[in-house]
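Novice: Let's see this in three dimensions:
(chains A, B and C)
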Amino acid sequence: MKVVEMMGITKEFPGIKANENVSFHLNKGEILALVGENGAGKSTLMNILYGLYQPESGEIYIQEKPVVIKDPNTAISLGIGMVHQHFMLIPPLTVTENIILGSEPVDGGIFINIDKASRKVKDISEQYGLKIDPFARIESISVGMQQRVEILKTLYRGAEILILDEPTAVLTPQEIKELFTIMRVLIEKGKSIIIITHKLDEVKEISDRIVVLRHGKIMGEALTSEVSTSQIASMMVGRDVVFRIKKETIEPGEVVLDVHNVTACDDRGLPALQGITFNVRAGEIVGIAGVDGNGQTELVEAITGLRSVKSGKISLKGKEITNLPPRKIIETGLGHIPEDRHKRGLVLNFSVAENFVLMEYYKSPFAKWINLSYRAINDFAQKLIGRFDVRTPGKETLVRSLSGGNQQKIIIAREIVRNPNILIASQPTRGLDVGAIEFVQENLLEQRRNGKAILLVSLELEEIMNLSDRILVIYEGSIVGEVSGEEATRDKIGIMMTGVKGEEEKGEKCVGAETVLPFVQNDEL
Amino acid sequence: MKFHKEHLIEICIPVIAVILALIVGSIFIALSGKGIFNSYSALLIGAFGSKASLAETLVKTVPLIFCGLSVAFAFRCGVFNIGAEGQLLIAGVAVACVGYAIKLPAIIHIPLCFLVAIIAGGLWGGLAGYLKARFGAHEVITTIMLNFIALKFTEFLVNGPLREPSGVSPKTPHILESAELLRIIGRLNISIFIALIVTGIIYYLLNRTTAGYEVRAVGFNPLAAEYGGINVAKNVVLAMFISGALAGLAGCCEVLGVFRYFMPDISSDYGFQGIAVALLARNHPIGVLLSALLFGSLSNGATKMQVIAKTPKQIASIIQGLVIMFVAADMLVRYFLPKKKKE
Amino acid sequence: MNILDIFTWSLLTVTITKAIPLIYAGIGGLYSERSGVVNICLEGIMLAGAFSAVVCTHFTGNLWFGLAGAIIAGTFMGLLHGVLSITFKVNQIVGGTAINIFAAGATEYLIPIVFGKPGATPPLAFTFERQDFFLSKYFLIYMAFLLVGLTHIFLYKTSYGLRVRAVGEHPKAADTVGINVYLTRYLCVIMSGIFAAIGGAYLSIGESGLFSKGMTANRGFIALAALIFGKWTPLGTLGACLFFGFCDNLQSTLQGRVPIPSEFMLMIPYVLTIVAIAGVVGRSRPPASSGVPYDPSER
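Specialist: Numbers count the residues shown, from 1 in each chain, chains lettered A, B, ... in the order given. This next block holds a predicted model:
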């Protein structure tokens, strides 16, 4: 029986067609994988099914009856549950409070019966092997546990159809295994699951059937057992994918970046880096592989001076840069492509030209005494726009209005053109289309050819393996292994990414965690 | 620079907001049983009808320019300074002390007074900046509280240690002649030129200097600014210092030019009105001149209107509140603009 | 002078009387802010409430209608703040400032229009002060304490309270489980307006028996300070209101008897709030989403 059928769904956002005439169905008791690149329209489609967005056209059938899902309430009452990529949990509330929110068991119409609620939570947890403590606060439990809370939340509401949006992105391989076990239990008990992902090995492992989306359209549909990973991949990107990039051999030179026994805390003041040691030499690309949230962000911030280092030493070309202000470190010869270009990398309300000089606006020729020379800044911008083929209406256009790929080009141009000794690229291709990804990777290799040192941090194992000369695996804030680029295989790295053991409670609170400034953003006004 | 459609809308929104506010304001006039046309024309005459009334309008405009610049400058750095009122008062009382107690030739005395105002207002504003940068204390709350502390503190001073012994009402003694700003007509004095010059300086500072680049970068995106090597905390404190100094100049000009003594009432809520001025100006220094003039004429005109048309002068505050609402709710105002074809 | 002279029965009663308008407005602010809408226009709403209470009492001759008038005015002001900050997503500080200016202007504007004389209304023929219990200000006093208790129960023991807290912390999460974020916020902001307006009415028809311009004398801001100092909890806010009321009272008791100028006593609430918000003694943290308009289409 078809438990879900979506027919001819079209959804437009300002500027893009997120879904165009999309049709697919989900059978009872199967796991359907919805695959596609970033921005292919997978999440949009599922948000429509969950009632968060309304499609411009199309029909939805649940249990073979036509329905209109006007809000999440309707979806819930139709037995649809969704686990969002970014968890929808409220940190200061308890597990039970989060689960019952919106459909609380009450006495006398309004008073929450917390005993009844927690008992029910415990029951469901045991029934599906979720191992959840109903009284824990969300802010104090692990990410894997939070995800199980999300799953329990849908089951509590009587979900028969579960949508999991990129559920493995934040999990360790160990946790992924547990998740898959839970998914199989769910299927056994008669539930049906749609899983959104772009990780093909996981698709192969868990799903029964595949639907591929590209640019908001259905590209194909197949039984998982009948297609190979590379067939799925070419459906996703629309052409054959070259998995190996040609890379000439370069003998690495002297050590450029030396990181010695560095520790640092995350934003909550918990230890994030626990004694990291490695180096990067001239003419080599060192890749940092690992599951998201194992200290990658903190490592990059510690090196670039954006996060304070608690102990240890970092030096650049023999000069110690530990805990120097970011500007001093930049001036020592460091380029940085940050992981989030909107949050860190660009001032979106500045023009293209102004963004090009973000690191150098105070230097000649851009500044004369206290004055900015807009002529020099504009000339510089014109040059870079040409050289890096940035598609923009003009150098005075606000960066906000450019596409993601062109925004990333601006950052890369700015960082490369300063000719730094070391380039730190943190998830440089995240959210880009294939063309832009090639541009980014080509530029990184070019830097390598020029004898620069490059530290590449990425969540995409494929990217790390394609580009790196050496691969370091990070797990819970430590480097747990190293392999050379040639010897690297998915399995080898994958095992290391699990670390030594599963979850342990992290250590004591660090003192002096950074103060977060509550700012008024000008764009709000 | 090319002229974009978005620029046109940027200009249209404040204009439409003012028109909408006047329309809604006229409902209130109708409530009072007075003629709408009569009242508004009396208001216009009151604001611009004679040399003397124009001069008094400008007297009201000067502190609004300074306070508008103050709020706008902090805004550009992403900081919301609600504390211009307190900064104005602290600077005002400091200037009154220096203006009364130190005997100097005018050529030194007046600049000294301005310097004292900049430092006093700047420190009072900078304190809120420091509390934000160091402890993450939200500036909206700290500046509101600092306003009241400044008010109580200056009330204490004029009731106690600084009170003019012979005076009937609590205020400081008249400042020395050497500290007085030259008057042109009525109470209008040369501070209007100082305000214009300062506006120019702020415009240049924001848009043409490296310091302005830093302030704007921090205002738009503090994380990116930090990544670019800009010291965010330093800029927040600096922006609040400059913002406070600008509000301090308002207090200084009121004491040296208009009143020539200090009492807490020298500010008719100029600090709060500064928020309205900055908002209507969309935080642009040149826009501040225009919107300060608008609110200055509104408040002066309303006083005359009360005499001529018997409409209570508080219509000015009503309109001012409405203008802020309409400017801020630009979604609403955009509704009245011709629809764009492409979203 | 004997220091014990200060601590008399009347000190307690006067402290409570001074705290009552703060409690109403503070609890009002709490509803709004816990749902994620910053409310710095408590001052303006109190003014509106105080004024319309006098107007309605004057024309109906009935204090209950006066109170109803305040509630209607509060509803309207809350709705206005809601329309600005929820529907039009105006910066909530800006919207609040506008409402404060507007309310101060409008109430003073309307005095001469309604009563013929500017500055203050003529005294009412009767106030809560001079009636039997249910028509006495004691009724409003007991109601204030009851309000705090009920708010505490509402917030922490009922399903709707849980929803309010959820909306203030993480509106999107609330939205995904089918809670109407806009409706919740609107209701909370309106409650906020109603309670703040009752606080204002207590000042006018409860105590002075008239309305004079700016008669709330910044109590709205002190209530806001109490809310922050009380860490956004009902009981904490009550404690802070009583303490600020005590300071206010002590100030007038001590005036002339000790060498501390009264202005410094009046500064205490403001100084303490800065200390609290700067985290010198236990950081005071607002609900995570307060001040941020909710936009469901943000991805």
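Novice: what about stretch C:13-32, near chain B?
Specialist: No. For a cut-off given as C-beta under 8 Å from any C-beta of the partner chain, stretch C:13-32 has no contacts with chain B; the smallest distance is 12.1 Å. Every C-beta, even on glycine, is put in place using the N, C-alpha and C of the backbone.
Novice: Chain C against chain A: which residues are in contact?
Specialist: Residues of chain C lying near chain A (C-beta under 8 Å from any C-beta): C:91, C:93-94, C:157-160, C:162-163, C:165-166, C:169-170, C:172-179, C:288, C:293, C:296-297, C:299.
Novice: again, only using 6 Å
Specialist: Residues of chain C lying near chain A by C-beta under 6 Å from any C-beta of the partner chain: C:91, C:157, C:158, C:159, C:166, C:169, C:170, C:173, C:176, C:177, C:178, C:179.
Novice: could these go into CSV alongside pLDDT, distance to residue A:394 and secondary structure?
Specialist: Output for those, formatted as CSV (pLDDT from 0 to 100; distance: C-beta to C-beta, whole Å; DSSP: H, G, I helix; E, B strand; the rest coil):
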residue, pLDDT, distance to residue A:394, secondary structure
C:91, 87, 30, coil
C:157, 95, 60, helix
C:158, 96, 57, strand
C:159, 95, 55, helix
C:166, 96, 45, helix
C:169, 94, 43, helix
C:170, 94, 40, coil
C:173, 93, 41, helix
C:176, 88, 41, helix
C:177, 89, 46, coil
C:178, 87, 46, coil
C:179, 92, 45, coil
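Novice: farthest-separated two in these?
Specialist: C:91 and C:157 (33.6 Å; C-beta to C-beta).
Novice: now, among the residues of chain C next to chain A, which is nearest to chain B?
Specialist: residue C:91 (6.2 Å; C-beta to the nearest C-beta).
Novice: Number of residues surrounding the closest residue to residue C:99 other than its chain neighbours?
Specialist: Setting aside the residues directly before and after it, residue C:99 is nearest to residue C:41 in space (C-beta to C-beta, 6 or more residues apart in numbering or on different chains), at 3.9 Å. Neighbour count for residue C:41, taken as other C-beta atoms under 10 Å in any protein chain shown: 34.
Novice: Could you chop chain B up by domain?
Specialist: As assigned by automatic domain parsing, chain B contains the domains B:1-32+B:314-343, B:50-311.
Novice: quick check, residue B:33 in a strand?
Specialist: No. Using DSSP: H, G, I helix; E, B strand; the rest coil, the assignment for residue B:33 is coil, not a strand.
Novice: Residue A:414 versus that one, what's the distance?
Specialist: For residue B:33, the distance to residue A:414 equals 65 Å [C-beta to C-beta, to the nearest Å].
Novice: So for these two, which sits in the more crowded spot?
Specialist: Between residue B:33 and residue A:414, residue A:414 has the larger neighbour count (other C-beta under 10 Å), namely 23 against 9.
Novice: sorry, back to before: in this structure the residue nearest to residue C:99 contacts residue C:98, no?
Specialist: No. Assessed by C-beta atoms under 6 Å, residue C:41 is found out of contact with residue C:98, at 8.1 Å.
Novice: same question for the longest helix belonging to chain C, mean pLDDT?
Specialist: Longest helix in chain C by number of residues, with DSSP state H as the criterion: helix C:9-34. Mean pLDDT, computed over helix C:9-34, is 91.
Novice: How about stretch A:142-158?
Specialist: Mean pLDDT, computed over stretch A:142-158, is 92.
Novice: list the buried ones in it?
Specialist: Within stretch A:142-158, the residues that qualify as buried are A:142, A:144-157, counting by 16 or more other C-beta atoms under 10 Å in any protein chain shown.
Novice: In helices, which of those residues fall?
Specialist: Counting by DSSP H, the part of these found in helices is A:144-156.
Novice: The closest residue to residue B:277 other than its chain neighbours: neighbour count?
Specialist: Using C-beta to C-beta, 6+ apart and skipping the chain neighbours, the partner closest in space to residue B:277 is residue B:68 (3.1 Å). Neighbour count for residue B:68, taken as other C-beta under 10 Å: 36.
Novice: How about the contacts made by the residue of chain B found nearest chain A?
Specialist: Closest residue of chain B to chain A, C-beta to the nearest C-beta: residue B:229 (3.2 Å). Listed by C-beta atoms under 6 Å, 6 or more residues apart in numbering or on different chains, the contact partners of residue B:229 are A:326, A:327, A:330.
Novice: How about residue A:72?
Specialist: A:50, A:51, C:176, C:178.
Novice: which stretches of the stretch 201-350 of chain A have low pLDDT?
Specialist: Confidence mapping of the stretch 201-350 of chain A against pLDDT under 70 gives the ranges A:237-246.
Novice: how far away is the residue of it found nearest chain C from chain B?
Specialist: The stretch 201-350 of chain A approaches chain C most closely through residue A:342 (12.1 Å), counting by C-beta to the nearest C-beta. Distance of residue A:342 to chain B, given as C-beta to the nearest C-beta, to the nearest Å: 8 Å.
Novice: Name the nearest residue to that residue, sequence neighbours excluded.
Specialist: Nearest residue to residue A:342 in three dimensions, chain neighbours excluded: residue A:348, at 6.4 Å (C-beta to C-beta, 6+ apart).
Novice: ok but that neighbour is inside a helix, no?
Specialist: No. With three-state DSSP as the criterion, residue A:348 is coil rather than part of a helix.
Novice: In this structure it contacts residue A:401, no?
Specialist: No. Applying C-beta under 6 Å as the test, residue A:348 and residue A:401 come out as separate, 8.9 Å apart.
Novice: neighbour-wise, which of those two wins?
Specialist: Using other C-beta under 10 Å, the more surrounded residue of residue A:348 and residue A:401 is residue A:348, with 19 against 13.
Novice: just to revisit the earlier point, from residue A:389, how far off is the residue nearest to residue A:342?
Specialist: Residue A:348 sits 21 Å away from residue A:389, going by C-beta to C-beta.
Novice: Next: residue A:297.
Specialist: When C-beta to C-beta is applied, the distance between residue A:297 and residue A:389 equals 30 Å.
Novice: For residue A:365, give me its contacts.
Specialist: By C-beta under 6 Å, 6+ apart, the contact list for residue A:365 reads residue A:376.
Novice: Got the phi and psi for it?
Specialist: With angles defined as degrees, to the nearest 10, residue A:365 sits at phi -90, psi 0.
Novice: re the thing from before, how about the ones in helices among the buried residues of stretch A:142-158 in TSV, adding distance to chain C?
Specialist: Below are these laid out as TSV (distance: C-beta to the nearest C-beta, whole Å):
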residue	distance to chain C
A:144	19
A:145	17
A:146	12
A:147	14
A:148	16
A:149	12
A:150	10
A:151	14
A:152	13
A:153	7
A:154	10
A:155	13
A:156	10
